[in-house]
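[1] here's a sequence, model it:
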Amino acid sequence: MKRFGHLRVAALVLLPFVLFQIVSPEAITQAAENRTVEGRLERRFDDSFDGKGSTSYYLNIGEERLELVSLGGIPEVRTGSRIRVRGRMRRGKLHVEEATVVETASATTALGDQHQLVMLFNFQDAPGNKPWTASYVQDLLLNQVSTYWQSVSYGQAWFTGDFTGWYTIPISSTDCQSSMKLAAENGARALGFNPDNYSHKIYIYPSGGCRSTGGSTWTARDSSGNFRSDVFLCGTCTTYSLGHECGHTLDLSHSNTLNCNGSTFGSNCTHVEYGDDYDIMGYYNTGAVNAYQRDFAGWLGTRIQTVTADGDFALSPLSVADTNLKALRIPQSYDPVTNSTTYFYVECRQPVGYDSFLSSYPGVTGGVLIRLGTIGSDVNKLILGSELLDGTPTTTGANEALPVGRSFTDSAIPVTISVLSVSSAGATVSVRFSGPTCLPSIPSVAINPSASAPAAPGTSVSYTVTITNNNSSSCAASGFNLQASVPSGWTASFANPSLTISPGASASTTMTVGSPSSAGSGSYNVGVTSTNSAYPAFAGSNSALQNLATALSVTVSTDRPNYTRKQSVVMTANVSANGSAAQGASVSFTMTKANGATVTQSAVTGSNGSASVRFQLKRADPPGSYRGRGAATEGGLSGNAITNFTVQ
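    Below is the predicted model:
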């Protein structure tokens, strides 16, 4: 769903005590002074799970940990990278003015077994408060959450753990000054688990007192460069909340959106934290994590392609577990100072696996999703995580996908991304860096006649087939291959089975359809499919009726029963086949006079199956009984009828 407004928050109510446990007041420098320091970068993710969240950065310099603000001066690097920062201390925070990268951290934190120590505890003023059973939490991590991350990482990351608790710590839920973290770890030690032996720890406890429902994750590296994480879950323990925080332990940021005020992308845009409703690192859902997050984690490998030249690309749905191409990344900007590239990420989402919920979102599955994301060493961009762009910015609702037949252009590059086709099997995307993009479309197919005149079984009927090329004007002329669809045992052929047509133009050919002599009377469908040879996904079709009959039914009448010489006789024949008017039948009319002399005329039936002629009686014509006869033929069929009248 589209979210609007700037939703960054400074911290959750529950976070002051969490921060207090990790960084004591004495450890935070309060002096207002200029400082130049070097240390390892740490991140804190705050999640209230109500649509609000934030990310904060800290610099661990050994003897103290400094919160960093004014992020415009922080280089973009992974958690645990060593950086040198110059800035001014204000109220215990270092306002960064200049920073340089000393050492970039390894990018291998999201691979393999992510073994956790899980601690379940409550507070001394409510020792019976145990919102979840230990077995529930164990199943949640080892089965639900681990299976999720193993699936979206294509088997490259999973979670295991040791579990301890419930136990009660000697701190009240209303005491937000004492070290809850230390008390929780001491409780685990008393039960035989040493938290110092674990790189990843999860603290789960009930809300209440000064502790509000939400989650927080700290990520850092120790002095040996080992990646470490602490997850705090207060009052919530669901697949989403635990799975989301476990995503942070993999060093993944939030999945967000970019609101560009009526445009897909531009200069007047606002970052919306948590705004992406379609994956687990966004707002409350367990959808498959997006392509940028997977690329950042190093999971895609050959499943992603960097595009720097024109081409058309077939994408497999992101949640389908195969080795096909899953995503494109198109360079949007590059910072040579930090060696960081921001990309447009293009992916196809279909309702399969963890994306099954998307069956209710045709505005997501009916196109491709485009996001911005940065790979490199620039914290100012990394803090933004992924940012979902709106492919239909002038409409509201869950329809952010760029739909089929639409294009997005970034004129600054310039590049144009166009969606050629989408199905449950994936999407075909065009990327063009120069000139207008060709947007193929389904060709129109017309068949004339739409219903044939009656024909005898074993005969052939010809149709005119007209194909119209509906591609955009920027496309080259395309070849269209024709294929007939006729009943079993029938034959069909084209005078020209392939037509080359320019955009907006039409071309025609003849299709001849033959029926077997054993076919019964009735109407049969004959169809034509026209496929664009350059874009096989774009095919149009149409059908017509071929009518078969074994005989024509004919009636003949005159406009009156009696005539005098020198009057005119109007003779009419009505021709039908299988109860329907036979248009185009040839009718031979014969008037036989009383003396046996004959006069003949001919006509062709109209759309109502009727044909008429006029015989002029002469003064010399004999009086007496006259006979009129109509003999009709069409498509190898025949029929006749007679009528009588008198001339006086």
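[2] tell me the domain ranges of the chain?
    Domain assignment for the chain by automatic domain parsing gives 112-249, 252-437, 444-548, 553-647.
[3] weakest of those by average pLDDT?
    Among the domains of the chain, domain 252-437 has the lowest mean pLDDT, at a mean of 89.
[4] any idea how far apart the tips of it sit?
    Start-to-end span of domain 252-437 (CA to CA, to the nearest Å) is 35 Å.
[5] still on that earlier bit, make TSV from the domains of the chain and add mean neighbour count and distance to residue 35 to it.
    No exception for glycine: its C-beta is placed from N, CA and C like everyone else's. Converted to TSV, those look like this (neighbours: other CB atoms under 10 Å; distance: least, CB to CB, whole Å):
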stretch	mean neighbour count	distance to residue 35
domain 112-249	19	20
domain 252-437	20	18
domain 444-548	17	57
domain 553-647	17	94
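[6] quick one: which of these is nearest residue 52?
    Set against residue 52 and scored by CB to CB, the domains of the chain come closest in domain 252-437, at 6.5 Å.
[7] and the closest one, how far from the chain's centre?
    Relative to its parent chain, domain 252-437 has a centroid offset of 10 Å by CA atoms, centre = their mean, to the nearest Å.
[8] for the residue nearest the centre of the chain, what are its contacts?
    Compute the mean C-alpha point of the chain, and by CA atoms, centre = their mean the closest residue is residue 365, 3.1 Å away. Residues near residue 365 by CB atoms under 8 Å, 6 or more residues apart in numbering: 349, 350, 351, 358, 359, 401, 422.
[9] so which of the residues you listed is the closest to residue 458?
    Distances from residue 458 to the contacts of residue 365, taken by CB to CB, are shortest for residue 422, at 45.2 Å.
[10] can you tell me the closest non-neighbouring residue to that closest one?
    residue 404 (5.3 Å; CB to CB, 6 or more residues apart in numbering).
[11] what about the one you found, distance to residue 305?
    21 Å (CB to CB, to the nearest Å).
[12] give the contact list for the residue nearest to residue 422.
    Counted by CB under 8 Å, 6+ apart, residue 404 has contacts 366, 367, 419, 420, 421, 422.
[13] closest to residue 251 out of these?
    Closest to residue 251, out of all of the contacts of residue 404 and judged by CB to CB, is residue 367, at 29.9 Å.
[14] so what's the nearest residue to that closest one once chain neighbours are set aside up against?
    Of all residues not flanking residue 367 in the chain, residue 401 sits nearest, at 3.3 Å (CB to CB, 6+ apart). Contact analysis of residue 401 by CB under 8 Å, 6+ apart lists 349, 363, 364, 365, 366, 367, 368, 369, 391, 392.
[15] restricted to strands, list those.
    The strands, defined by DSSP state E, take in 367, 368, 369 from these.
[16] and the second one, what does it touch?
    Counting by CB under 8 Å, 6+ apart, residue 368 touches 315, 346, 347, 348, 391, 401, 402, 417, 419, 422, 427, 429.
[17] list the contacts of the first one.
    When contacts are counted by CB under 8 Å, 6+ apart, residue 315 is found next to 324-328, 346-348, 368, 426-429.
[18] just the helices in the chain please.
    15-22, 134-139, 146-152, 180-190, 239-249, 291-297, 362-365, 379-382 (DSSP state H).
[19] verify the stated contact: residue 102 with residue 83.
    Yes: the criterion here is CB atoms under 8 Å, and residue 102 meets it with residue 83 at 6.0 Å.
[20] partners of residue 455 in the sheet?
    residue 548 (DSSP bridges).
[21] ignore what I typed, I meant residue 419.
    On the basis of DSSP bridges, residue 419 is bridged to residue 429.
[22] wait, isn't it in contact with residue 367?
    Yes: counting by CB under 8 Å, residue 419 touches residue 367, with 5.2 Å between them.
[23] what is in contact with the two at once?
    Common contacts of residue 419 and residue 367 (CB under 8 Å, 6+ apart): 402, 403, 404, 406, 427.
[24] so which of these belong to strands?
    402, 403, 427.
[25] for the last one, which non-adjacent residue is closest in space?
    This points to residue 427. Per CB to CB, 6+ apart, closest to residue 427 is residue 348, 3.9 Å.
[26] that older thread, who touches both of residue 102 and residue 83?
    Common contacts of residue 102 and residue 83, defined by CB under 8 Å, 6+ apart, comprise residue 38.
[27] quick one, which of these two is more surrounded?
    residue 83 (24 against 14; other CB atoms under 10 Å).
[28] tell me the pLDDT at the more buried one?
    At residue 83, the model reports a pLDDT of 83.
[29] and residue 68, by the same measure?
    Reported pLDDT for residue 68: 88.
[30] hang on, the earlier thing: how close does the residue nearest to residue 422 sit to residue 445?
    Taken as CB to CB, the span from residue 404 to residue 445 is 19 Å.
[31] residue 593 now?
    Distance, residue 593 to residue 445, by CB to CB: 54 Å.
[32] try residue 94
    Distance from residue 94 to residue 445, by CB to CB: 69 Å.
[33] with residue 104 instead?
    58 Å.
[34] redo the domains of the chain as TSV? Include distance to residue 60.
    Shown next, in TSV, are these (distance: least, CB to CB, whole Å):
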stretch	distance to residue 60
domain 112-249	6
domain 252-437	15
domain 444-548	53
domain 553-647	88
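[35] quick one: residue 340 and residue 334 touch, right?
    Yes: judged on CB under 8 Å, residue 340 makes contact with residue 334 at a distance of 7.3 Å.
[36] residues in contact with the residue nearest to residue 173 when sequence neighbours are not counted?
    Nearest non-adjacent residue to residue 173, counting by CB to CB, 6+ apart: residue 209, 3.2 Å away. With contacts defined as CB under 8 Å, 6+ apart, residue 209 is in contact with 123, 125, 172, 173, 174, 175, 176.
[37] got it, and residue 40?
    With the criterion set at CB under 8 Å, 6+ apart, residue 40 makes contact with 59, 60, 80, 81, 82, 105, 220, 221.
[38] isn't the third one right next to residue 220, touching?
    Yes: taking contacts as CB under 8 Å, residue 80 lies within contact range of residue 220: 6.4 Å.
[39] okay, and the common contacts of those two?
    40, 42, 227.
[40] run through the bridge partners of the second one.
    Assessed by DSSP bridges, residue 42 has beta-bridge partners residue 58.
[41] do the same with the one 5 residues further on
    Listed by DSSP bridges, the beta-bridge partners for residue 47 are residue 53, residue 215.
[42] grab the nearest non-local neighbour of residue 99.
    residue 85 (4.5 Å).
[43] neighbours of that neighbour, how many?
    24.
[44] for residue 470, see how far away it is.
    When residue 85 is compared with residue 470 (using CB to CB), they lie 58 Å apart.
[45] which residues sit in contact with residue 123?
    By CB under 8 Å, 6+ apart, the contact set of residue 123 is 129, 168, 169, 171, 172, 173, 205, 206, 208, 209.
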